[in-house]
Structures are given as C-alpha cells and as structure tokens.
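Asks: Sequence plus predicted model, see below.
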Amino acid sequence: MFNLTLSRSVKPLAFASLNKVSLFHTSAKVLNNAKDVEDLSKNESKSNEEFFKYHWGHWLKNDVEEKAKRFTPFSVNGLVDVLNDLRTQTKAAVESTEKGIPKPYFNPNLTVNLKQNLNKDLFNLEDIKSKLSLKSMESYHEGKHHHIYKITTTEDKDFILRIPYPRDSEHTIATRMRSEVATRDFADLVLKIKTPKIYAYSPTKLSPIKSPFILEEFVDGDLAMKNWNPMIEDTPVDPKSKDQFQGIISQLMGFQAKLASVEFKKFGSLYFANDLPTELRTASDYEDEIYVGEKDSEFAGRYKIGYTTERSFWRQGKDDLLGFEEHKKFLGPWKNASDVLTTYTSLELAVAKAKNASDAEVEVYNKLHTLSKAMIQNKNDNIPGWDALLKPRLQHPDIDPMNCIETPSGLCLVDFENSAITPFILNNAPEFIAYDGPKVYTMETDNEEFKKPGVAEQYMFAYKRTRNLFLWEQALNKEAPELIYSAAPIIKLLKSPIIVAKNKKLAKDYLLINEKIVGVHGAWPMIHEQKIVLDKEAPIKFTGKEIEDITNAINAYNEELIKEPFAATQNWIPSDMYEEFVKQGIIKKEKDANGDSVLDYAKLGF
C-alpha cells in the first residue's frame, strides 16, 4: 500500500496550527511613558529584566536554559545617545551637496551609519540643540534569531531596534551582522528589493548600546504569514484568499529571482569593503570587480566577497568547537562550485570528529564527503544550462511569509541574516513550502483505502503540500527559466544528502543523511546515464546487509520521532498554543523532576 507516513513527526493538524499561530505575542512588557523608560534605563529593579526576556514561546524541555539564551538586555541611555548622534548626522546629510551614494560611515563609538538612508522625515531638524529622548519602547516581535523592539521618540518617530540573541559567540554574531547589513544594502541599492532601511548598526557589544544592534526603519503592516494558508482549498469559498495565496508565492519567488539575477565572480558572502576581514584584503583579486557590471556602476568598490555566513557552515557552534583559526579555513571564499560543496562536507566531517561523535556518525560524514567529490562537474556541456546553475548567485536562506511585511506597495523582505553567494544547483525550496514526503498530484481516486478517516486526512495533507511545491517550482520556471533544472527530480535526488545535512536539527539526523546517500547510490547508474556525473561507478558502495541495517535504523528513528510530536520544532511551541494546551489538559500544570513539561500524548492523538 502507498505509504503516507509524514516526515518529521508533525501531523497535518499540528502543521496547520503551527502556521496560523499568533504572530506577535503580547505578553511582553510595553513601556509607554517617559517615566517607565527612565526607570528601565536606571536598571534599579529586577522587574526591569522582564522587558528584555523572551515571551513568544515555550520549550517543553530545558525551557529555562533556552529562554536564558534569548535574554537581550541593552543600554537605554546608550540608545538615546545613538539616536541623538544620528539626528546630528541626519541634519548634515540632508544639508550635504555631495553627489552619489555615500560610503558607510564608521563612527569612533564603534557604530556605523548608512547615510544614504538618512532623511528629513526621521527627526525634527528645526531644533537639534534640545536632547532627543524616548517616549515609548515595545517588545514588538521575537523571532528565531533576534528580539525586535519598536521604539518611539519624543518627536513621535518610530524605529525598529534589532538585538541578536546571545546564543552564539561574539565573533559569530559580528560576522553575520556585518554581512547581513551589506547584503541588505546591496538588495536595496542594486537590486531595488523593498527592505527596511538601515540607519545605524554595530556588530559589537562595545557600542553605546552595550549589545550588537541594527537600528532600522519601522515598516507598518502585518506579516504575510497572517494570510498564508498552506491548506487552502483549490477552489476556496472566498476568491480573495486564493489571490492572496498565489500573490505570496509570486512575490516571494520574485525576491529569489532578483537575488539570483546577478552573476558574482566568487562564492562566499557580501561585506562592505571596510568591514572585510584584514587577511582577505591582501588577496591578489581584491581590487577586481565582484559581479558582472560592477566597475561601470556607482557602486564600484562598495562591496567585497568574504567568508561565507551560510547557516550550515556555522550552526551548532562550529566556530566554538573548532576554534576561530581552524574554522575560517572552511569558510571560503571560493572560485569553483565544486569547492563550495567539498569544503562544506569536509567541515561536517571535521566537526563530527571534534565532538567525538560515534563511529557510525563519523562514517556517515565520511561517505558524504566522498560522495560530494563526485557530485558536481564544474563544466558539463551535456546538460543545457549547467553553467547557469553553477555560477555564484546570491541566495536568501529564509524567504518566507514570516519574513515579509505586507505594505500597500507589496511585500517588504526583512532579515537577510546568513545570506550567501552559492551555486544555485544546491538551492532548495524554502522551509515554508518545501516538501519531501509522498507526492500526491490529484484527489481523484477510486481507492477506498484513501477515503477512510485518518488516511483521507493524510492523503489531503500530502496532496496540498505537493501542490504548493509544484506552484513554487512553476513560479521559478516563469521568473528564472535558466535555473529550473535545479528542481529536476534527478537533481533533487543527487543533492538530497547535502540538503538534509545542511538542514539537520536533531542529534540523530545523520541517519536521515545516510538514508539519502543510499538513495543516490541506488540511482547512480541512471544519474551517470544522463551524463550528470562523470564516474560510472558510484563512489560509495553498500552491501545488501548494510542497506537492510540502514533501513532498520531509519524505521526505528521514525518511530522515535512519531512519539515526539514536537521534534520538528525542537520541542518549541508558541505561547498561545502552550496556554491553550494547558487549558485543555494536554500539557499538565506540574513539571517533572527535571523541570520539563509533561504532555498527555493520548489527547494529541498519539
């Protein structure tokens, strides 16, 4: 019988619920008068800490520890100083007769201003002698990587202050921020992608705010996720909902296509020239243009390509585990697509050894590295458009309705963290629409088994996920037809071990990588026959007994995941859902001996 087991243990109803939760949790403190803001700035009371705490969700395990990693205190007085400095520089920028795009301005206080974004509407510039202060501060949004604060000045001007969670090393946070700011600047100025304007930033906690930060434009509007319904009917009762559904896919693909439209000269990540690490400024090609057409543009020399900030090269503490000097050997930049791939797999192997992983896990990464060396030919005249797939192209890791704000002029794309210049052949559909389960292309079936309660629900789930992915790839073919081969089934199969490795979240996910390697091994003759790879023989061999053992290990792991309904979110659930589960008795009010939440799995249908 056709197996409709759902991947990653999230059942259809849970999937729908996790995509429709409240986007802005309101339990966090709002300081809406000058006295409250002043009290917070004095740090005189422990109760002030509440404002900086994480409120949006709960972890069923290790809740206290996880929330502590997301505690984001900053100096309110320092923020006021930054705003007053910014107002002075804004007045100078407005009055300046300098032509062209000004370079990023590096201040003595370790902040950086992007002067092209400063304008007369940010402040009252008539009288800048009186000190500007804050009228209110609001804990506006808590994302995966940042706490977002909305601040309003005494001139009734709104700004967004982004503070990264201190989950990673200072070096990691600083590198990511330097690259993200430059990438957003590039997207805004060069690609004309709508994104919030950045006014000031600092990648170090030595700034006046005493935390790394980005101060940016406040863009009013709902997140696109509010109107994203992945379970929408093909013919919904309200035609407007279908237009919204299709509009989100179209606009998000438009972002991806624009980002991928520029052909760069190297793989890595973007930085402002003055933010590039010193050791990379001595490279022989430092003065060369970094993308086609740069030298003849007004942006010549503004950006450089440096160490990749792609998440898979950094996540799970790779820099701490290996040490800074060793880790950066794996970060590029590179000139060949094949080097990007093999360096990544060698990094995963080095990390597995450094953390004293089991022999079984190390062996999987050994296989992955061996396989990666035979995966990509830097030149292949047998495949139409192969060169286009291997050119360095800018990619955003989180093109998602959660990262887009709805405005009257269309979606505004935010949070470019971990963007990187990579070969498009390794592109995968974004997490909000990606689907690796059984494909169902029609709901019309004579099979009575699929109409039974429970099975019918799973069948519908698989159909709609299949449909959504098809619409995404259809949009790719429309916007960037030269890149559509990246979504060909045989290419998806070939790169599947890499995609799983890059997106692994749980300790035993190396088993899923091994499963994909077995799949590539089995399909290797067909892949070679289509002239995608050079080697006739698969670089990895498996005996029948080994394949049986791997299958048994995967089945056992899937059974484990089924018993953990929130494994896919690493035991995190949004606060609204948590509170509702407590009311329903699904989550018991009493914690266990370790302080973890106790679930009544029967009430969840497990």
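Replies: Thanks, I have the structure now.
Asks: Can you tell me the SS state at residue 135?
Replies: strand (DSSP: H, G, I helix; E, B strand; the rest coil).
Asks: any idea how far residue 157 is from it?
Replies: 9 Å (C-beta to C-beta, to the nearest Å). To be clear about C-beta, it is placed using only N, CA and C from the backbone, and glycine gets the same treatment.
Asks: go on, residue 549?
Replies: Where residue 157 is concerned, residue 549 sits at a distance of 64 Å (C-beta to C-beta).
Asks: if you count what's nearby, which of the two comes out ahead?
Replies: Neighbour count, other C-beta atoms under 10 Å: between residue 549 and residue 157, residue 157 has more, with 17 against 13.
Asks: Contact partners for the more buried one?
Replies: Applying C-beta atoms under 8 Å, 6 or more residues apart in numbering to residue 157 gives the contacts 121-123.
Asks: pLDDT score for it?
Replies: With respect to pLDDT, residue 157 has a value of 95.
Asks: now the strands: where do they sit in the stretch 101-250 of the chain?
Replies: Ranges of strands within the stretch 101-250 of the chain are 105-106, 112-113, 134-142, 146-153, 158-164, 198-202, 213-217, based on DSSP state E, counting those that start in this stretch.
Asks: Ok, which of these comes nearest residue 452?
Replies: Closest approach to residue 452 among these is made by strand 134-142 (41.1 Å; C-beta to C-beta).
Asks: Relative to that closest one, what are the paired strands and their orientations?
Replies: Counting by DSSP bridges, the strands paired with strand 134-142 are strand 30-31 (antiparallel), strand 146-153 (antiparallel).
Asks: Give me the most central residue, the chain.
Replies: Nearest to the mean C-alpha position of the chain, counting by C-alpha atoms, centre = their mean, stands residue 398 at 3.7 Å.
Asks: Which residue is the nearest non-sequential neighbour of that residue?
Replies: Using C-beta to C-beta, 6 or more residues apart in numbering and skipping the chain neighbours, the partner closest in space to residue 398 is residue 415 (6.2 Å).
Asks: Does that neighbour belong to a helix, a strand or coil?
Replies: coil.
Asks: Kindly report the same for residue 595.
Replies: Under three-state DSSP, residue 595 comes out as coil.
Asks: can I get the strands of the stretch 101-250 of the chain in JSON lines with mean neighbour count?
Replies: Formatted as JSON lines, those follow (neighbours: other C-beta atoms under 10 Å):
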{"stretch": "strand 105-106", "mean neighbour count": "14"}
{"stretch": "strand 112-113", "mean neighbour count": "22"}
{"stretch": "strand 134-142", "mean neighbour count": "20"}
{"stretch": "strand 146-153", "mean neighbour count": "21"}
{"stretch": "strand 158-164", "mean neighbour count": "21"}
{"stretch": "strand 198-202", "mean neighbour count": "24"}
{"stretch": "strand 213-217", "mean neighbour count": "22"}
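Asks: which strands and helices sit next to the helix or strand containing residue 549?
Replies: Under the criterion of DSSP states H and E, residue 549 resides in helix 544-562. In this structure, helix 544-562 makes packing contacts with helix 510-529, judged by 3 or more C-beta pairs under 8 Å, 6 or more residues apart in numbering; DSSP states H and E.
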